[in-house]
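Student: coords please:
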Amino acid sequence: MSTFPPTGPEPGPVFPAPQGGDPAQQWTPGPAMYSVAPPPPYYSAPPAPPRPRTLGVASMVIALSVFVLSVAASVVVGMSAGPLASRTATSFSFNTSDLTPDQAAAFAPIGLLMGAQILLGTIFGITALVLGIIAAATKRGRAFGIVGIAVAAAAPIVSFLVYTAALGLTLPPA
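Tutor: Residues are numbered from 1 along each chain as shown. Purely as a prediction, here's the structure:
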């Protein structure tokens, strides 16, 4: 037995005050003791500088140039070749062996224009297409690259349709 008479409930543990702290501001248990410490400050990497758009712009400029020049060449070739063609009720044909020497001499530059259109249009059209794909894939002027792809793909189709329309409008009567 104890020699001291009981005086009431035993006091709970007393935590020492932090050194240099005021004992009146002792730590008290509460909901804050179960909270998670805030994360350390987050420092993100600086954003990467934007990539230049020159590849996409180059694709678009080349494709638009090929488109305009090809359509113009198609009009000239179609308007020049139509009157020299032979037409029947169901079809037409164009044979250079049927031309007179004067007609052949007049058509020679048109034939060169047609060859240049096919050769240069193909080379520069494919170049614009490849540059546009690279620009779109690497985000170097993606919007311009997509326009370049679309125009380079449409140029031969539109050019052929314009050539056919110009040729059909200038065919001799059957």
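Student: next SSE after the longest helix along the chain?
Tutor: Secondary structure of the chain per DSSP state H: the longest helix is helix 101-138. Counting by DSSP states H and E, the next helix or strand C-terminal to helix 101-138 is helix 142-169.
Student: Gly141 reaches Thr54, doesn't it?
Tutor: Yes - with contact defined as C-beta atoms under 8 Å, Gly141 reaches Thr54; the gap is 6.7 Å. For every residue, glycine as well, the C-beta is placed using N, CA and C.
Student: The two: which is more packed in?
Tutor: Set Gly141 next to Thr54 and count neighbours by other C-beta atoms under 10 Å: Gly141 wins out with 25 against 13.
Student: Any figure for the gap between Pro46 and Pro40?
Tutor: To Pro40, Pro46 is 19 Å away according to C-beta to C-beta, to the nearest Å.
Student: Show me what the mean pLDDT comes to for the longest helix of the chain.
Tutor: Averaging pLDDT along helix 101-138 gives 93.
Student: Could you list every helix and strand in contact with it?
Tutor: Judged by 3 or more C-beta pairs under 8 Å, 6 or more residues apart in numbering; DSSP states H and E, helix 101-138 is in contact with helix 54-81, helix 142-169.
Student: and it, which residues are buried?
Tutor: 107, 110, 113-114, 117, 121, 124-125, 127-129, 131-133, 135-136 (16 or more other C-beta atoms under 10 Å).
Student: tilt between that helix and helix 142-169?
Tutor: 160 degrees (axes from the mean of the first three to the mean of the last three C-alpha atoms, to 10 degrees).
Student: could you list every residue that touches Val71?
Tutor: Going by C-beta atoms under 8 Å, 6 or more residues apart in numbering, Val71 touches Ala155, Val158, Ser159, Val162.
Student: which regions of this structure sit below the pLDDT cut-off?
Tutor: 1-37, 39 (pLDDT under 70).
Student: 80 - rerun?
Tutor: Residues of the chain meeting the criterion pLDDT under 80: 1-45, 92, 94-96, 98, 174.
Student: distance of the closest residue to Gln117 other than its chain neighbours from Lys139?
Tutor: Nearest residue to Gln117 in three dimensions, chain neighbours excluded: Ala73, at 4.2 Å (C-beta to C-beta, 6 or more residues apart in numbering). Distance, Ala73 to Lys139, using C-beta to C-beta: 34 Å.
Student: who's more crowded, these two?
Tutor: The residue with more neighbours, out of Ala73 and Lys139, is Ala73; 21 against 13, by other C-beta under 10 Å.
Student: so the more buried one touches Leu113, yeah?
Tutor: Yes - contact criterion C-beta under 8 Å: Ala73 and Leu113 qualify, at 5.6 Å.
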